[in-house]
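return atomic coordinates for the entry below.
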Amino acid sequence: MPKRQSGNRKNKQSNFAKLSIFQPNKYKFKKSCPLSIKGAPKVDYKNIKLLKKYISENGKILPSRITNVSQKKQRELSLSIKRARNLALL
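Residues are numbered from 1 along each chain as shown. Here you go, the predicted structure:
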């Protein structure tokens, strides 16, 4: 009779278990900032149409990982959104 394995799965690893979180990601691609390209609109507290694109339905500022905005432009964007809120433009 063949031997039965009684729950001994330590020797068998799936492909997911072999991946490490410390390995560099080979498939990562550069995301371009929509506000840094040529011909992009200027970030300003008076440009309400632009600011509404970067605000959620609840009025919160969307994070840059969702909107693909660079760090510098995200700071400008959040500052102008806050200014527009104070002036009751948003």
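
can you give me the helices in the chain?
Applying DSSP state H to the chain gives helices spanning 15-18, 48-53, 64-67, 71-86.

pick the most deeply packed of the ones you listed.
Between the helices of the chain, helix 71-86 has the highest mean count of neighbours, a mean of 16, where neighbours are mean count of other CB atoms under 10 Å. For the C-beta atoms, the positions are set from N, CA and C on the backbone; glycine is no exception.

could you list the residues in contact with that helix?
Contacts of helix 71-86 from elsewhere in the structure, counted by CB atoms under 8 Å, 6 or more residues apart in numbering, are 33, 35-36, 43-48, 51, 54-55, 61, 64, 67, 69, 90.

one more time with 7 Å, if that's ok
33, 35-36, 43-45, 48, 51, 54-55, 61, 64, 69, 90 (CB atoms under 7 Å, 6 or more residues apart in numbering).

and for stretch 35-52?
For stretch 35-52, contacts defined as CB under 7 Å, 6+ apart pick out P34, V69, S70, K73, E76, L77, S80, I81, R83, A84, L89, L90.

now do it, average pLDDT.
Stretch 35-52 carries an average pLDDT of 93.

cool, thanks, talk later.
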